[in-house]
Structures are given as C-alpha cells and as structure tokens.
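Trainee: sequence plus the predicted model coming up.
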Amino acid sequence: MERDTKPKGSARRQFLADTARMVCGVGLLGLGLGLYARHATALPPAAIRPPGALPEKEFSAACIRCGMCVRDCPYDILHLAKPEEPMSTGTPYFVARQAPCEMCEDIPCVKACPTGALDHRLTDITKARMGLAVLIDHETCLNFLGLRCDICYRVCPVIDKAITLEPMANTRTGKHAMFIPTVHSEACTGCGKCEKACPTEIAAIKVLPIYIAKGHLSAHYRLGWVEKEKAGGSLVAPDLEHQYNLPEGMRYDYGGKGLQAEPGAPAAAPAAPGGEGGAVPPAPTFKAMQGDKL
Amino acid sequence: MSASSQRPGAEAVAAKGWLAAHKWLILRRASQLGILLLFLVGPWFGWWIVKGNLNSSYTLDFLPLTDPYLLLQALMSGQTPERLGLIGVTIVVLFYLLVGGRTYCSWVCPVNLVTDFAAWLRSRLGLKGSAHISRQTRYWILAMTLLVSAATGTIAWEMVNPVSMLHRGLIFGMGFAWAVILVVFLFDLFVMRHGWCGHLCPVGAFYSLIGKFGLLRVKLPARAACNDCMDCFAVCPEQQVIRPALKGIDGAPPVILEANCTNCGRCIDVCSKDVFRFGTRFGAAESTAVAKVSPVPK
C-alpha cells in the first residue's frame, strides 16, 4: 500500500501541474483576446453602420459577420471591415463621403440579416438612425459664408424636416441674410447624402455616430415655455408685461422702425433715420451734432 | 515497416494504382475548392448561387446555413438570432450529426488547404521536431472563447478567427488577413506538426463535440489485414484516433469513434491492404480475423 501511493501522488501532481499550465496559458490568451475584443468595439466616426443596426456594443455581439447585408445592398455601398481596420473585423459599414445610403423603401439589407444585428422591426426607412448629420465646420460652409449653396438641403431625402434653412442676419455685410442649413435630429436618418454632396474640398457637413453628434440635457432640466404651454399658463408669479422707460411722447415699434413719436403728441421729434432708434438721444442735441459735422 | 524510406502511400499506389490511392484526397479537394467556388462565382461573375460566407449563408434564396459555434458565442454575449439564423443553425447541426462534425474541417474549411500544405511541405522537407502541446488545448480555448464572449459581450473568437478571416477575405476582400493565414502556415510548418487544426483551433473543437455522435465513420472491417506499414499514421492529421480501432484496444470495435477523426479518408487512400472504408457507426460487424488481432501482446 505504501508503495502504491507514491506513483499515485506523483501522477496527481503531474495532473495538477498540467492543468495549471493549461489554465494559465489559455487564460493569458483569453485575457489578450478579451482586451482586444473590448478595444475593437469602438467604431471610428467615419464608419456608419447600415440602417437598423443595434447600438454599437450590442451590434458587435449580434453581428456574425456573414456579409449578407453587403450582398443584398442594391447600391453596393457596404463593406466588411478588414482585420487591419480599427473596428470589429468583418462587420459591415459604409463611408458616407464615398457612397451614402440610398434609403431603399424595402430595406433589403435589414431583411438579409440572419441575427437581428440589423433590427428587423425597422420597416420604415425614414425611422432609421444610422448617424446624425452635423454641420460641423461653420468656417467653410458656403451658406455660412453668405452664399446660397443649399446643396445639402436640396439633396436631403427628408428635405425640410431633417434639414431646414434658417435665415439669419449677415453681420458682415450688414444688409444680407444667411440661410443656415440646420439639421433636426428627430428626422435625420444619417444616410449621408448631404455629406456626399457637400461641394467643398472636405465636407463641411458630416454624418457622425449619434453618440458623438448628440448632446443630452440633464434629467432635471425643464423648458419653461414648454411647461408653460402644458400648464396653460405661467407656473410661477403671473407674467408681467415688460416696461420700457421711453422719453415722453415716444413709443417703440417692434416691427423694425424703432423709436417713434407718439402720433398726436406735442414736441414731436422726427423719426430717427434708419430706424435704429434704440440709442437715439433727445432730438435737439442730435440735430445740432449733425449740423456741426455737415 | 516497409515504407520507412518511401513516401507514405507509395505502397498503395503500387497496389491499387495512383487514382485509387488518391480517390478521397481528390474528392476532398474538389469539395473544398468547389464550395469556395460556389461562394466566389457570385462576386466574380454575378451568379448568385450562395450569398454570405461560412459564418452564415443563403443558397439560392432557399437554404440558410449558420455556423453553430458563432451563434453560441452570440448567445453567450446575450444576443438571440432571427428566424433565418435559427433555421440555418438547425440544418447545420443536423447535417454534421449525420456526417460527423469534423467533416467540416477536412471537407469544407479553407484553412485546411493551408495547413495540409504546411504538413505536406513539412514532410517533404523532412522537418523533424515539433513543439508539444496537448491536443486537449483546443477544448480549453473553446471554453475560453465562450467565457470571453460572455464577459465582454462580443463574439470574441471572431476577432481573430483565421477560418472566417480567410473565407471572408477571399470573398469580400482580403486586407491583412493574409498575414494571419501566413502565421498559421508558418506555425504548422516550423513550430508544430498539425499545430493549428490538430491542437488549437476551437472551431474544430466545437465541431468535434457535434461529431461525437456523428453517423458517418471510418470503419476497419479488414483490420486483421493490417501489415503495420504505418502509412495511415503518417498521413492522419489526428493520429491518436486510429490506434484504438485498428488494434482493438480494450475490445474497441473496428470503427473509429473518436470525435476528432475528420473523415478525410486519407487513411483509406494510403492503405495498400484496404483495411479502411467509410460506413456508419453502427453494425461494426467484426470481420472474421479480428478476434485473432485484438489481444495485442504488449
């Protein structure tokens, strides 16, 4: 009996040593793989997922990298990430500046997905949120420079909802308007047509992943005017009409004329030229100064 | 022991003729390349017979096929597939229950072409010596990939899987996947004999688990005729599977039941005595001479 235990014990030791070696070796490999897998789930901003893609974290778990969405895209815009590209190998993406999503009504790429990485509940392409267009460079956007380029607005498949042109005073010329392309996240699908069509050397409007493009108000914020409308009236003290202290016999015209003489008031001064009445001094002084200069 | 100076299979070529001694090898290469070609004629010529790749495919808009190992990793990371994926995975599992799981490795997997070439070159160059790692390592790696999938919420092995990288690369664009494949090739050639497919690859390990119950098997009805030329051992990528069935160790029936037999059929080719043939796992009827062989003296 005594003799038997010795080889048994050494066999057990050998077994434990072998197991430990295996667990440590493979564990090390697993650690590397895990860290790499975590890194690879970050998506570079220029890469846009197909319509209906789950949030990036879930997408990289659900997508089995088969490329069927790539095959069923009639415009051939989708690519599968190659191993050297900084995203999950084999996952589909497109680059808006090269070829944007054409927003097919029947969304064949989503239908082709065998795993639900592209959410099959997406049946209306205008509900897709592939990314969000952002007019990212105000310095080179031609409309910001005062031109009527408007191309991003014109090519938008959800024109007047996803992108509107908002008039704004051109303070450089002092007399023109600028029409600022303004993206509305509740309608923008992130298709990337605007980025593709932007005529500047490098696009001033770009589609970005929503997590980069979109801010979020803190939960406790309330918009006063919204709350007021909901409540049907002011929630705090009753609104007071704003009072201006104007020179006697004058009134302020909000339509753009500015300071005006009250009709029928005595000692009326002529209306200030140019309607920039806000800073008009009492009339006689004003006149005298003008006379001096001339 | 006649073949020690000759290349394995020389005796079979002499006995059966070249074609008969390469029958299964030729069929197997035809299967591997044919399947690859089915995937490639789509992007090459626009003949869309099969869409997708080995991870998941759709044949003639009728037959969905999905890799069960991949889907298992997706499940571990908390995702559930769509109907098409579920049907596809069911078909694949049933198919490999029939033909033996690791049949995938030798008849379908494109990496097998690479590692077979490495093994062939290794023997042609007479490269001796090989690092030693247990063949069980693949199961540890398999378990590890499932754990990492669950822990990181990703399909972990897909980040580095040379099998899908090569197949996807050939169909959708290679990128730097060639470097990964080159590493596998060089590893098999210089570092370890049958290193990747026989010791490390968790895809094969997973398919071997399905194959434990596989119906299609290599049988040895004429094992008594074995003349110990060792050619089958020389060509077999999973040598450990042959001995129990060939030598009737512990009364083993004359059928290779080891899950890691890849059903490549090369042993059938190279045996000049026609010991092997394909059959089912059942009805392993002992041929007359077996009783004489089974009590192998030590």
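Mentor: Everything's here; your move.
Trainee: quick one: end-to-end distance for stretch A:106-125.
Mentor: Length of stretch A:106-125, first residue to last, Cα to Cα, to the nearest Å: 8 Å.
Trainee: starting at the chain centroid, how far to that stretch?
Mentor: 23 Å (Cα atoms, centre = their mean, to the nearest Å).
Trainee: and the contacts of that stretch?
Mentor: A:50-54, A:58-59, A:62-64, A:66, A:68-74, A:78, A:92, A:103-105, A:128, A:189, B:51, B:56, B:58, B:64, B:66, B:71, B:74, B:79-82, B:84-85, B:88 (Cβ atoms under 8 Å, 6 or more residues apart in numbering or on different chains). Every C-beta, even on glycine, is put in place using the N, C-alpha and C of the backbone.
Trainee: got it, and stretch A:151-164?
Mentor: Residues outside stretch A:151-164 that contact it (Cβ under 8 Å, 6+ apart) are A:103, A:126, A:133, A:135, A:165, A:181-184, A:187-189, A:191, A:193-199, A:205.
Trainee: contact partners for whichever residue of chain B sits closest to chain A?
Mentor: Per Cβ to the nearest Cβ, residue B:175 is where chain B lies closest to chain A, at 2.6 Å. Neighbour list for residue B:175: A:82-85, B:169 [criterion: Cβ under 8 Å, 6+ apart].
Trainee: ramachandran angles for residue B:231?
Mentor: Note on residue B:231: backbone dihedrals following degrees, to the nearest 10 are phi -60, psi -40.
Trainee: let me see the ranges of the helices in the stretch 1-150 of chain A.
Mentor: A:2-40, A:56-62, A:68-72, A:108-112 (DSSP state H, counting those that start in this stretch).
Trainee: gap between the spatially most central residue of chain A and chain B?
Mentor: Chain A has residue A:213 as the residue nearest its centroid, 3.6 Å off, counting by Cα atoms, centre = their mean. According to Cβ to the nearest Cβ, to the nearest Å, residue A:213 and chain B sit 24 Å apart.
Trainee: which residue packs closest to that residue, ignoring adjacent ones?
Mentor: Nearest residue to residue A:213 in three dimensions, chain neighbours excluded: residue A:132, at 3.9 Å (Cβ to Cβ, 6 or more residues apart in numbering or on different chains).
Trainee: now residue B:202
Mentor: Of all residues not flanking residue B:202 in the chain, residue B:142 sits nearest, at 3.9 Å (Cβ to Cβ, 6+ apart).
Trainee: can you check residue B:207 too?
Mentor: Nearest residue to residue B:207 in three dimensions, chain neighbours excluded: residue B:101, at 3.7 Å (Cβ to Cβ, 6+ apart).
Trainee: who's in contact with that neighbour?
Mentor: Counting by Cβ under 8 Å, 6+ apart, residue B:101 has contacts B:206-212, B:214, B:259.
Trainee: quick one: the strands in the chain?
Mentor: You didn't pick a chain, so chain A it is. Secondary structure of chain A (DSSP state E): strands located at A:47-48, A:79-80, A:92-95, A:132-135, A:163-170, A:176-183, A:205-208, A:250-253, A:258-261.
Trainee: ah, no, chain B please
Mentor: B:50-53, B:56-59, B:63-66, B:216-219, B:277-280.
Trainee: ok, the first one near chain A or not?
Mentor: Yes. Strand B:50-53 is in contact with chain A by Cβ under 8 Å from any Cβ of the partner chain, via B:51-53.
Trainee: counting contacts, what elements does that strand pack onto?
Mentor: Counting by 3 or more Cβ pairs under 8 Å, 6 or more residues apart in numbering or on different chains; DSSP states H and E, the packing neighbours recorded for strand B:50-53 are helix A:68-72, helix B:23-45, strand B:56-59, helix B:162-172.
Trainee: redo those as JSON lines? Include mean neighbour count, mean pLDDT and distance to residue B:125.
Mentor: Shown next, in JSON lines, are the helices and strands packed on strand B:50-53 (neighbours: other Cβ atoms under 10 Å in any protein chain shown; pLDDT from 0 to 100; distance: least, Cβ to Cβ, whole Å):
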{"stretch": "helix A:68-72", "mean neighbour count": "24", "mean pLDDT": "88", "distance to residue B:125": "40"}
{"stretch": "helix B:23-45", "mean neighbour count": "15", "mean pLDDT": "89", "distance to residue B:125": "20"}
{"stretch": "strand B:56-59", "mean neighbour count": "22", "mean pLDDT": "82", "distance to residue B:125": "37"}
{"stretch": "helix B:162-172", "mean neighbour count": "25", "mean pLDDT": "88", "distance to residue B:125": "23"}
